[in-house]
Each structure stands twice: as C-alpha cells, then as structure tokens.
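**Student:** Provided below for reference: sequence and predicted model.
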Amino acid sequence: MNARFNAGEKVHVRWADPPGHLRTPYYIRGKNGVIERVLDAFANPEELAFGRDGLPKQRLYRVRFRQAEVWPDYQGQPGDTVDVEIYEHWLERA
C-alpha cells in the first residue's frame, strides 16, 4: 500500500463529527499540520470497533501541529508542537 502523503507535506485534518467510535481527537479536527512521519498501514480501528474486519487497511501518519494553532490561547513558546497519529482517511492536502 503506497502512502498518499510524504514526510514534510502540509495536510489538513477533515472536520467531521460522525457518530460512532472515532480515532481522531476532536480538538485536532479542522486543523493544519505537517506530516512528521509515515507509519505502516493497519486495520481501520473505526471499523474494528463495530466488529468488522477493518479492511482495507489504512495508512497511519504522525502529524505535527503547532500548539498555538491547536489552542488559540496557548501561552507557551511559539515553536512548541504536538504530534498526533492520524489515519489517512482523515487527511487532505493543505
């Protein structure tokens, strides 16, 4: 399975609030980040939660976000970041 995104590429996390089990944290939806690392492909946990087989597998990425963009009132250092692992179907090119 080929990766859709590469390390260093800017991405946008889809803003969605579908019912059910979701692996993507609410606070990160709708935010922009950068692919820090391309990980392996895994069974989709959102499907596994309902007893399905989780196929096709989904590529997982570690995405880096600037803290100030995630939390508007963030008072830390301007370069502070947070990394979140996000499945490919939640990501779009920024």
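**Tutor:** Perfect, I can see it now. Numbers count the residues shown, from 1 in each chain.

**Student:** where does this structure have its least confident helix or strand?
**Tutor:** One helix or strand of the chain scores below all others by mean pLDDT, DSSP states H and E: helix 45-48, with a mean of 90.

**Student:** Tell me where this structure has strands.
**Tutor:** For the chain, the strands defined by DSSP state E cover 10-13, 32-42, 58-66, 81-87, 91-93.

**Student:** Tell me which of those sits most buried.
**Tutor:** strand 58-66 (a mean of 20; mean count of other CB atoms under 10 Å). (C-beta placed from N, C-alpha, C; glycine too.)

**Student:** I'd like to know which elements it is packed against.
**Tutor:** Strand 58-66 makes packing contacts with strand 10-13, strand 32-42, strand 81-87 when contacts are defined by 3 or more CB pairs under 8 Å, 6 or more residues apart in numbering; DSSP states H and E.

**Student:** now what about that strand, what contacts it?
**Tutor:** With contacts defined as CB atoms under 8 Å, 6 or more residues apart in numbering, strand 58-66 is touched by 1, 3-5, 11, 13, 28, 31-44, 78-89, 91.

**Student:** one more time with 6 Å
**Tutor:** The contact list for strand 58-66 (CB atoms under 6 Å, 6 or more residues apart in numbering) reads 3, 31, 33-39, 41-42, 44, 81-89.

**Student:** Just the buried positions in stretch 45-59, please.
**Tutor:** For stretch 45-59, the neighbour count (16 or more other CB atoms under 10 Å) marks Glu46, Glu47, Gly54, Gln58, Arg59 as buried.

**Student:** ok, Asp83 - contacts?
**Tutor:** Taking CB under 6 Å, 6+ apart, we find Asp83 in contact with Glu36, Arg62, Arg64.
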